[in-house]
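Novice: With the sequence up front, the predicted model follows.
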Amino acid sequence: MKVFVNKRIPEIGIHMLKDAGLEVFIPEHENLSHDEWLSYCKSNDVILSVGGEFKYDKDFFAECPNIKAIALYSVGFDHVDIQEANHRHIPVGNTPDVLSRATSDVAFLLMQSVARRASYNFEKVKSGNWGDFDPLHALGQELYGKTLGVFGLGRIGFEMAKKSQKAFDMNIIYHNRHQNKEAEEELNATYVSFEELIAQSDVLSIHANFRLEQKELFNTSVFEKMKENAIFINTARGGFHNQKDLYNALAEKKIWGAGLDVTNPEPIFKEDPILGLSNVCVLPHIGSATIEARNGMAKLAAENLIAFSKGEKMPTCANPEVYSQNS
Ligand SMILES: NC(=O)C1=CN([C@@H]2O[C@H](COP(=O)(O)OP(=O)(O)OC[C@H]3O[C@@H](n4cnc5c(N)ncnc54)[C@H](O)[C@@H]3O)[C@@H](O)[C@H]2O)C=CC1
Ligand SMILES: O=C(O)C(=O)CO
């Protein structure tokens, strides 16, 4: 079975595929054009897919009927038309759990960085403006006993809530598609409406899996209902927030600040005015960027394709319903 891996991943994953007798193709250079990517998809049987820039939509599946399985090097699968994959009986593997702590660590980092204005103060030092001790300048806010609102309390959201409660004794509220009994029992989390989540959160952290129908759910109509001391954190997908509305809310100090690990578009344009604000911290989508998480993702993606090559179910599949469909 021929595997197309569109970008370098930790060697452990490649070795696993080769040891299982699969033929692995990795292009010489990385930043593939769409046409290059498509031509490589057409000449292989399955894909180990890194990154979200290439979309697995109806057009793709029509152009590449040869592709029988996709193993994503991510837990998010919003760049895949799952309905079309199911229709074509194509399993789509993903990499949950192994990156949950790492990603929640970045949300936790952003929360603290914004609360204590780390970016602003670091920029001051870098530009030689250490400044005299000023009891009233660039003060941050403390998080102890404040309310963390989680939009999408799943694997990563749970880790974020757990460490925020442990470190700062934060009160946890959440809004989800389904109630999370484990979080309610272990973290004393309270399920609230979307409106209550927005109004009551001192820190609002987005951890839902993105779907197009939720595009720009967080916009001016939301930001104007948030507390003035509120911190907006997004480590899920940039599509969840309207970036211009967020800029306006921050510039007009409608909210305290924002921490983003995901933006719209990605990479963010360096001219984006949001980067010039003193109450923002933006990171370049590094949530899963640890040695441990990225190795774990490589192992899971390889295991998914090896299972497929043996006619077995993928251990971690974004569309497990594909296995229960009539052939
Ligand atoms: N910044 C980064 O590098 C990374 C970002 N991510 C993002 O984080 C997302 C979450 O990952 P996991 O926690 O593993 O997924 P998960 O599936 O365990 O949790 C997502 C939660 O969101 C909830 N949800 C979905 N849509 C919702 C809606 N409209 N309203 C309320 N709740 C909703 C679901 O019920 C679920 O509990 C991924 O889909 C991905 O987009 C994941 C890993 C790394
Ligand atoms: O896993 C994901 O969904 C990411 O965004 C990157 O790890």
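Specialist: Arrived safely, thanks for sending. Ligands and ions are numbered 1, 2, ... in the order given.

Novice: residue contacts, residue 118?
Specialist: With contact taken as Cβ atoms under 8 Å, 6 or more residues apart in numbering, residue 118 is in contact with 112, 281. From N, CA and C alone the C-beta is placed, and that goes for glycine too.

Novice: which residues in the stretch 1-150 of the chain form strands?
Specialist: Using DSSP state E, counting those that start in this stretch, the strands of the stretch 1-150 of the chain run over 2-5, 23-25, 46-49, 69-72, 92-93, 147-151.

Novice: Of all these, which one is nearest residue 274?
Specialist: Closest approach to residue 274 among those (Cβ to Cβ): strand 147-151, 19.9 Å.

Novice: could you give the mean pLDDT of the next helix or strand after that closest one?
Specialist: The element immediately downstream of strand 147-151 (helix or strand, assigned by DSSP states H and E) is helix 155-168. The average pLDDT within helix 155-168 is 98.

Novice: Now do the helix or strand following helix 155-168 and strand 147-151, the angle between them.
Specialist: Moving toward the C-terminus from helix 155-168, the next helix or strand (DSSP H and E) is strand 171-175. Compare the direction of strand 171-175 with that of strand 147-151 by axes from the mean of the first three to the mean of the last three Cα atoms, to 10 degrees and you get 20 degrees.

Novice: Quick check: can you name the pairing partners of strand 171-175 and their directions?
Specialist: If you go by DSSP bridges, strand 171-175 pairs up with strand 147-151 (parallel), strand 190-191 (parallel).

Novice: most tightly surrounded among those strands?
Specialist: The highest mean neighbour count among the strands paired with strand 171-175, using mean count of other Cβ atoms under 10 Å, belongs to strand 147-151: a mean of 26.

Novice: hang on, the earlier thing: out of the strands of the stretch 1-150 of the chain, flag the one nearest ligand 2.
Specialist: strand 69-72 (7.8 Å; Cβ to the nearest ligand atom).

Novice: same for that closest one, what does it pack against?
Specialist: Counting contacts by 3 or more Cβ pairs under 8 Å, 6 or more residues apart in numbering; DSSP states H and E, strand 69-72 is packed against strand 46-49, strand 92-93, helix 291-309.

Novice: Out of these, which is closest to ligand 1?
Specialist: Of the helices and strands packed on strand 69-72, nearest to ligand 1 by Cβ to the nearest ligand atom is helix 291-309, at 8.3 Å.

Novice: ok, for the closest residue to ligand 2 within the stretch 201-327 of the chain, nearest residue in space, not its chain neighbours?
Specialist: In the stretch 201-327 of the chain, no residue comes nearer to ligand 2 than residue 288, which is 3.4 Å away by Cβ to the nearest ligand atom. Closest residue to residue 288 in three dimensions, ignoring its sequence neighbours and counting by Cβ to Cβ, 6 or more residues apart in numbering: residue 99, at 3.9 Å.

Novice: Good, wrapping up.
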